[in-house]
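*Asks:* only geometry, no sequence info:
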C-alpha cells in the first residue's frame, strides 16, 4: 500500500512539473524546483527557532509542552517537504509552515492519534484474545499441587 502511494505521488509530481513547464517553460520550472530547497532550509531554521523558543518557554513555565512539540514536528515536516524537489511537496510544506494551516493540521493529527490510542487500548494491543464474556474457569492442574 505504501509503495503504491509513493509511486502515485511521484507520478503526480512529474505530471505537475510537466504542466508547470508547459505553462512557464522548462528553465523557469527547473529554477523554481531549485529555489524550493534553500527556501525550505531557511524556513526550517527560522520556524524551527520559533518552535524551539516556544517549547523552552512552556517547559520553563512548567506547562505540558504537547502543543509546542507537535508544532515543532509539523514545522520540521514542512521544512523537509519544501526541501524535497516537487511542486506538490513544496505546497504541502508551505502549508505546514504557515501558522493557520499548521493549527488545522495539528487538530487533525491530534484527532487521528487519539482515535488510534482509543482503538489500541480497547484491543489491549490487538494480539491476544481476551475473555469478554467472563467465561474463564479455573482448572485444577495436577502439577500445581506438587
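*Replies:* Ah, there it is. Since this is a predicted model, take the numbers as computed values, not measurements.

*Asks:* you'd agree residue 37 is up against residue 83?
*Replies:* Yes. In this structure, residue 37 is within contact of residue 83 by CB atoms under 8 Å, at 5.0 Å. All C-beta atoms are positioned from the backbone trio N, CA, C, and that covers glycine.

*Asks:* So if I had to pick from the two, which one is more boxed in?
*Replies:* For residue 37 versus residue 83, neighbours defined as other CB atoms under 10 Å are more numerous around residue 83 (18 against 14).

*Asks:* show me the contacts for the more buried one.
*Replies:* Contact analysis of residue 83 by CB atoms under 8 Å, 6 or more residues apart in numbering lists 36-37, 40-41, 44, 93.

*Asks:* Next, count neighbours for residue 24.
*Replies:* With other CB under 10 Å as criterion, residue 24 counts 12.

*Asks:* Spatially, which residue comes closest to it, not counting chain neighbours?
*Replies:* Leaving aside its chain neighbours, residue 24 sits nearest to residue 32 (8.0 Å; criterion: CB to CB, 6 or more residues apart in numbering).

*Asks:* wait, the one you found sits on residue 17?
*Replies:* No. Assessed by CB under 8 Å, residue 32 is found out of contact with residue 17, at 9.3 Å.

*Asks:* And the helices in this protein?
*Replies:* Taking DSSP state H to define them, one finds helices in the chain at 2-24, 26-60, 66-83, 87-97, 99-123.

*Asks:* Worst mean pLDDT among these?
*Replies:* Lowest mean pLDDT of those: helix 99-123, a mean of 78.

*Asks:* Quick check: neighbours shared by residue 32 and residue 17?
*Replies:* Contacts common to residue 32 and residue 17, judged by CB under 8 Å, 6+ apart, are residue 87.

*Asks:* More neighbours: those two, which one.
*Replies:* Using other CB under 10 Å as the criterion, residue 32 and residue 17 rank with residue 17 on top: 19 against 16.

*Asks:* if I look at the more buried one, how far off is residue 56?
*Replies:* Note on residue 17: its distance to residue 56, by CB to CB, to the nearest Å, is 40 Å.

*Asks:* Residue 81 too?
*Replies:* To residue 56, residue 81 is 25 Å away according to CB to CB.
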